[in-house]
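A.B. asks: Here is my input; please provide its structure:
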Amino acid sequence: MTASRAAIERHAKGRRADPGPRVLKVRLSGSPEDCAAAADQLAAWTIDRSAPYPNRRDPGVRVYLTLLIAGGTLSAATAAGKDGER
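C.D. replies: Numbers count the residues shown, from 1 in each chain. As a prediction, the model looks like this:
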């Protein structure tokens, strides 16, 4: 077991069995088409999505997402419960 894996397991032991919904902030960076496609894939968990902003030093754009993680995981089963399509 690696040191980082052991640290993750120690941290997880202190958590509640059901962490409940949590918020995760994500920044996507890439071509406008790739960012839009990735944001669409995460739409089932998205509670806020910014407009695309041009990157300052790199080509492409960035998009900021706020995701709601229910039950502590991003899984296909979680999404299926929300929108029934996955």
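A.B. asks: For the rest of this, base every contact and every neighbour count on C-alpha atoms.
C.D. replies: Will do.
A.B. asks: who's in contact with stretch 52-70?
C.D. replies: 20-32, 35, 39, 45-51, 78 (Cα atoms under 8 Å, 6 or more residues apart in numbering).
A.B. asks: mind listing which of the residues you listed are in strands?
C.D. replies: 22-30, 46-49 (DSSP state E).
A.B. asks: Most neighbours among the residues you listed, which one?
C.D. replies: Neighbour counts for those, by other Cα atoms under 10 Å, peak at residue 29, which reaches 20 neighbours.
A.B. asks: Just give the nearest non-adjacent residue to that residue, would you?
C.D. replies: Excluding the flanking residues, the one nearest residue 29 by Cα to Cα, 6 or more residues apart in numbering is residue 62, at 4.3 Å.
A.B. asks: What's opposite that neighbour in the beta bridge?
C.D. replies: residue 29, residue 53 (DSSP bridges).
A.B. asks: Tell me how many other residues crowd it.
C.D. replies: Neighbour count of residue 62, defined by other Cα under 10 Å: 21.
A.B. asks: any idea how far residue 70 is from it?
C.D. replies: Taking Cα to Cα, to the nearest Å as the measure, residue 62 falls 25 Å from residue 70.
A.B. asks: same check, this time on residue 39
C.D. replies: The gap separating residue 39 from residue 70 is 18 Å, by Cα to Cα.
A.B. asks: Tell me which of those two has more neighbours.
C.D. replies: residue 39 (20 against 17).
A.B. asks: how about that one, what does it touch?
C.D. replies: 28, 65.
A.B. asks: what do you get if the cut-off is 10 Å, keeping everything else the same?
C.D. replies: Each residue near residue 39 by Cα atoms under 10 Å, 6 or more residues apart in numbering is listed here: 26, 27, 28, 33, 45, 46, 49, 63, 64, 65.
A.B. asks: cool, residue 24 as well?
C.D. replies: 45, 46, 65, 66, 67, 68, 69.
A.B. asks: Which pair of those spans the longest distance?
C.D. replies: 65 and 69 (12.3 Å; Cα to Cα).
A.B. asks: which residues in this protein form helices?
C.D. replies: 3-13, 32-41, 76-83 (DSSP state H).
A.B. asks: where among those helices is the average confidence lowest?
C.D. replies: Across the helices of the chain, helix 76-83 has the smallest mean pLDDT, namely a mean of 52.
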